[in-house]
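K.L.:
task: produce atomic coordinates for the following.
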Amino acid sequence: MKASSTIKKVIAISGLFLVTIVAFQCRKSDRDLETKNAAPIDNATAVSIFNNVFRTVHALAWENSLLNGPQDSIQSNSIDNCIDSTIIGYDTVRFPNTVVLDYGTTASSCADNYSVSGQLKTIFSDQYSTKGSVVTVTFSNYIVDDITVSGTMTIKNKGYNSDSNYVFGIAVVDAKLEHDTINISWKCSRKFEWVSGDDTDLITDDEF
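P.N.:
Below you'll find the predicted structure:
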């Protein structure tokens, strides 16, 4: 009887131990899955935000005669209505030229259905259309949809490729996206090829 009782206890304990292992493995698997899913979501968030920054700077530069020489002066379609003011360092063609895009301290709804406050600070090393020119972008209290953005972004004009399309080298370093439980560190090195729209004054037909 004692032997049978002992065997039953061992079986019960073994069963409990097995359940504990299975439960632990399930919890660990759930956490791994959450981490695995979080990475592409975080990356997509960062890509979306910095793509919008590129489009904003591109629109500003391409339509401004001071920043881009051969083009017209600033057109109405180059400045999103959510930007409070644009401050250009020099009113003559001088470089480097610092340009500040100020969205104000209260979040404003922008054309692409996102809200922005704070400032984009840009430094143009040369005219935007000039091969080798670099635009350096930094952020001051810059908040997109409640996400605080920091870091440094550079946009380098690499000139025309073999298809006669402009190519821009995009680099982002030391980027952080922060809000409540969001804490994303991010960097990238990419190339944008301007495949359509560079022969018009419209920004809306530009495709990369």
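
K.L.:
list the contacts of the residue positioned nearest the centre of the chain.
P.N.:
The residue lying closest to the centre of the chain (Cα atoms, centre = their mean) is Phe50, at 2.1 Å. By Cβ atoms under 8 Å, 6 or more residues apart in numbering, the contact list for Phe50 reads Met153, Ile170, Val172, Ala175, Cys188. To be clear about C-beta, it is placed using only N, CA and C from the backbone, and glycine gets the same treatment.

K.L.:
which SSE is it in?
P.N.:
Element membership for Phe50 (DSSP states H and E) is helix 2-62.

K.L.:
my guess is Ile87 contacts Gln119. True?
P.N.:
No: taking Cβ atoms under 8 Å as the definition, Ile87 is not a contact partner of Gln119, at 9.3 Å.

K.L.:
okay, now Thr204: neighbour count?
P.N.:
Counted with other Cβ atoms under 10 Å, the neighbours of Thr204 add up to 10.

K.L.:
wait, I meant Trp194
P.N.:
Trp194 has 17 neighbours, counted by other Cβ under 10 Å.

K.L.:
got a pLDDT number for it?
P.N.:
If you check Trp194, the pLDDT there is 91.

K.L.:
what is in contact with Ile87 and Gln119 at once?
P.N.:
Residues touching both Ile87 and Gln119 (Cβ under 8 Å, 6+ apart): Val100, Asp102.

K.L.:
quick one: Gln177 from Lys187, how far?
P.N.:
Quick fix: residue 177 is Leu, not Gln. Here Leu177 is placed at a distance of 12 Å from Lys187 (Cβ to Cβ, to the nearest Å).

K.L.:
looking at those two, which one has more neighbours?
P.N.:
Legend: neighbour count by other Cβ under 10 Å for Leu177 and Lys187, higher for Leu177 (20 against 12).

K.L.:
residue contacts, the more buried one?
P.N.:
Leu177 makes contacts with Asp42, Thr45, Ala46, Ile49, Ile147, Thr148, Val149, Asn183, Ile184, Trp186, as judged by Cβ under 8 Å, 6+ apart.

K.L.:
most surrounded residue in the residues you listed?
P.N.:
Neighbour counts for the contacts of Leu177 (other Cβ under 10 Å) peak at Val149, which has 24 neighbours.

K.L.:
how about that one, secondary structure?
P.N.:
Three-state call for Val149 (DSSP: H, G, I helix; E, B strand; the rest coil): strand.

K.L.:
who does it form a beta bridge with?
P.N.:
When bridges are called by DSSP bridges, Val149 pairs up with Tyr142, Leu177.

K.L.:
just the pLDDT for it.
P.N.:
pLDDT, read off for Val149, is 97.

K.L.:
thinking it is in contact with Asn141, fair?
P.N.:
No: between Val149 and Asn141 there is no contact, the gap being 9.6 Å when judged by Cβ under 8 Å.

K.L.:
tell me which helix or strand in this protein has the weakest average pLDDT.
P.N.:
Ranked by mean pLDDT, DSSP states H and E, the helix or strand of the chain with the weakest confidence is helix 2-62, at a mean of 63.
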